[in-house]
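**Q** Show me the folded form of this:
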Amino acid sequence: MNARNTLSEGKNGILQIGGVDVKDLASLYGTPLYVFDKAHIKNVCKTFAESLEKYYGYGKIFYASKAFCCKEIYRIVKEAGLGADVVSSGEIFTALFAGADAENLCFHGNNKSFADLEYAIQSGVGYVVIDALSEIDDIDAICAKYKVKQRVLLRVNPGVEAHTHHYIQTAKPDSKFGFSIANGDADTAAKKLVSKSHVDFCGLHCHIGSQIFEKTSFLIAVEKMVDYYKKVALDFGAKLSVLNLGGGFGIYYTDGDPKFGCADYADYIKCICEKLCACLAEKGIEKPYLIFEPGRSIVGEAGITLYTVGRIKRIAGLKNYLSVNGGMFENPRYALYQAKYTVLAAERLHDKPDTTYTVAGKCCESGDVIAENVNLPEMREGELVAVLSTGAYNYSMASNYNRNCVPPVVMAENGKSYLCVKGQTFEDLVRNDI
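**A** Reported below is the predicted structural model:
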């Protein structure tokens with residue numbers, strides 16, 4: 001695992017997170033259970049914010065809410081000085097309910113409805129990111145109705161293909177997100193934006209993908225974005241002042257991934273900012289307000305999921321199935337795109353991992369798997385297993401498939417823990433049934 005002071009082996013080989021034994025967490029809150037290392041979240045937030053200030057000096061970090069959204073995470077990132085990237089009216093509502101400042105919200109989405117846009121604009125969100133031509137007309141009409149002017153960023157595809165799973169590559173020419181620079185679609189959108197009197201077309205946005213470890217893709221994207229930034233200003237007369245370079249920094253899931261820490265993320269920000277400053281100087285462009293939108297890198301490794309081992313099925317010469325009391329209803333990522341995880345015998349970290357298992361969920365699906373080919377000690381029913389790096393896109397993608405309840409979410413820090421999202425009950429499952 002990517003060990004740290006707040007994720008380590010405690011007494012008697014029991015996994016600790018935030019200074020709390022997982023055995024105690026399971027006893028107190030039950031399983032399955034999402035647990036977040038609050039100190040790690042705060043440290044990564046601080047690293048991003050301080051690095052942007054140190055190496056560029058003019059901008060803000062916006063936490064990408066889609067990775068993990070609840071009231072508590074908005075409180076944490078606000079306290080750390082971050083804004084938030086939101087992608088639905090529900091995320092806007094949650095952020096505002098938790099006390100986020102509306103001007104520090106950046107509203108994304110390839111299919112925002114008229115009602116979504118009206119709610120966002122009435123709420124006073126800082127930026128709306130344009131992702132469709134007809135969206136421009138809707139925003140202009142809404143702003144005219146309420147006699148306001150909305151700041152907007154144009155999402156463009158710079159044509160940089162990051163080395164990641166094709167489902168999470170978002171800057172390819174055929175992506176559902178953004179406007180391609182190469183085929184002229186971005187020009188068409190930029191011209192239309194400039195013509196609208198109730199829209200403040202103030203900047204550009206790009207996001208080249210997720211779970212990216214190498215820097216080259218980011219640096220190429222910077223070059224392309226600066227070139228296009230200048231073109232939009234010169235050719236179309238746009239008065240740009242903001243550049244949003246998205247997020248996408250990778251995290252450790254298994255031993256095939258680099259073990260990044262705060263120093264590595266600081267180095268990413270440094271390299272990108274230095275490249276940006278060089279490109280701006282070369283093109284004679286005044287320094288824009290710079291935004292990054294990290295999400296997974298803030299919460300991904302901070303989260304783990306605890307399960308209790310249930311039935312163990314050994315098929316001679318073929319496979320050992322280790323079933324747990326969770327599954328694709330609270331972690332669908334393996335079923336979606338074969339995501340890989342590190343799985344630990346949470347109460348016996350020092351025991352020899354001499355048995356290979358497929359860790360399976362309890363759902364009525366053959367594809368309900370958490371991880372395959374996992375080496376663990378000989379496991380017994382009732383023991384705990386921990387799946388690491390589940391802080392991003394696990395709770396946020398959870399469902400009630402097979403009428404299972406979404407588990408609770410707990411924060412752990414300095415040897416103490418507290419509930420930040422209640423687990424669902426059976427009553428919750430039927431609450432909206434007629």
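
**Q** now the helices for the chain?
**A** Taking DSSP state H to define them, one finds helices in the chain at 22-29, 38-55, 71-79, 89-97, 114-123, 133-146, 185-194, 216-236, 262-283, 296-299, 333-337, 426-430.

**Q** so what secondary structure elements neighbour the first one?
**A** Just to be clear, that refers to helix 22-29. strand 15-17, strand 33-37, strand 303-315, strand 384-388, strand 409-413, strand 416-421 (3 or more C-beta pairs under 8 Å, 6 or more residues apart in numbering; DSSP states H and E). Glycine gets a C-beta too; all of them are placed from N, C-alpha and C.

**Q** the inter-axis angle of it versus strand 33-37?
**A** 120 degrees (axes from the mean of the first three to the mean of the last three C-alpha atoms, to 10 degrees).

**Q** then helix 22-29 to CSV, C-alphas only?
**A** Extracted C-alpha coordinates of helix 22-29, given in CSV (Å, rounded to 0.1, in the frame of the first residue of the first chain):
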residue,chain,number,x,y,z
VAL,A,22,-10.2,-0.6,11.5
LYS,A,23,-11.5,-3.3,13.9
ASP,A,24,-12.8,-0.5,16.1
LEU,A,25,-14.4,1.3,13.2
ALA,A,26,-16.2,-1.9,12.1
SER,A,27,-17.4,-2.5,15.6
LEU,A,28,-18.7,1.0,16.0
TYR,A,29,-20.3,1.6,12.6
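
**Q** domain assignment for the protein?
**A** Domain ranges of the chain: 7-30+303-430, 38-299, per automatic domain parsing.

**Q** returning to what we had before: deepest in the core, which of the helices of the chain is it.
**A** helix 296-299 (a mean of 29; mean count of other C-beta atoms under 10 Å).

**Q** ok, the closest residue in space to Ser175 that isn't next to it in sequence to Ala221 distance?
**A** Among residues not flanking Ser175 along the chain, Asn157 sits closest, at 5.9 Å (C-beta to C-beta, 6 or more residues apart in numbering). Here the criterion is C-beta to C-beta, to the nearest Å. By it, Asn157 lies 10 Å from Ala221.

**Q** try His40
**A** As judged by C-beta to C-beta, His40 and Ala221 stand 27 Å apart.

**Q** go on, Tyr146?
**A** 35 Å.

**Q** ok, now Ala412?
**A** 36 Å.

**Q** May I ask you to confirm that Lys275 is in contact with Val222?
**A** Yes - contact status for Lys275 versus Val222: in contact at 4.8 Å, counting by C-beta atoms under 8 Å.

**Q** If Asp200 is in a bridge, with which residues?
**A** Arg151 (DSSP bridges).

**Q** tell me the contacts of it?
**A** Asp200 is in contact with Lys149, Gln150, Arg151, Val152, counting by C-beta atoms under 8 Å, 6 or more residues apart in numbering.

**Q** Now the buried members of those residues.
**A** Gln150, Arg151, Val152 (16 or more other C-beta atoms under 10 Å).

**Q** Kindly reformat the residues you listed as JSON lines containing distance to Gln424.
**A** Putting these into JSON lines (distance: C-beta to C-beta, whole Å) gives the following:
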{"residue": "Gln150", "distance to Gln424": "37"}
{"residue": "Arg151", "distance to Gln424": "38"}
{"residue": "Val152", "distance to Gln424": "37"}
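
**Q** want to try JSON lines for those residues, with distance to Tyr252 and pLDDT as columns?
**A** Formatted as JSON lines, those follow (distance: C-beta to C-beta, whole Å; pLDDT from 0 to 100):
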{"residue": "Gln150", "distance to Tyr252": "39", "pLDDT": "98"}
{"residue": "Arg151", "distance to Tyr252": "36", "pLDDT": "98"}
{"residue": "Val152", "distance to Tyr252": "36", "pLDDT": "98"}
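
**Q** The helices and strands packed on helix 22-29: which one's closest to Thr355?
**A** strand 303-315 (9.4 Å; C-beta to C-beta).

**Q** quick check: angle from the closest one to strand 384-388?
**A** Using the same axes, to 10 degrees: strand 303-315 against strand 384-388 is 120 degrees.

**Q** Who are the packing partners of strand 303-315?
**A** Against strand 303-315 (3+ C-beta pairs under 8 Å, 6+ apart) you get helix 22-29, strand 33-37, strand 319-324, strand 384-388.

**Q** Let me see the contact set for Cys202.
**A** Per C-beta under 8 Å, 6+ apart, neighbours of Cys202: Tyr127, Arg151, Val152, Leu153, Lys239, Leu240, Ser241, Val242.

**Q** Buried ones among these?
**A** Buried, going by 16+ other C-beta under 10 Å: Tyr127, Arg151, Val152, Leu153, Leu240, Val242, out of those.

**Q** Pull the contacting residues for the last one.
**A** By C-beta under 8 Å, 6+ apart, the contact set of Val242 is Tyr127, Arg151, Leu153, Cys202, Gly203, Leu204, Pro288, Tyr289, Ile291.

**Q** Distance-wise, check the third one relative to Glu50.
**A** Just to be clear, that refers to Leu153. Look at Leu153 and Glu50: by C-beta to C-beta, they are 24 Å apart.

**Q** Just to confirm, which residue in the chain is farthest away from the center?
**A** Ala316 (40.3 Å; C-alpha atoms, centre = their mean).

**Q** Phi first, then psi, for that residue.
**A** phi -50, psi 130 (degrees, to the nearest 10).

**Q** separation between it and Tyr357?
**A** 15 Å.

**Q** any chance of the contacts of Asp200 in TSV, plus distance to Asp101?
**A** Output for those, formatted as TSV (distance: C-beta to C-beta, whole Å):
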residue	distance to Asp101
Lys149	19
Gln150	16
Arg151	14
Val152	19
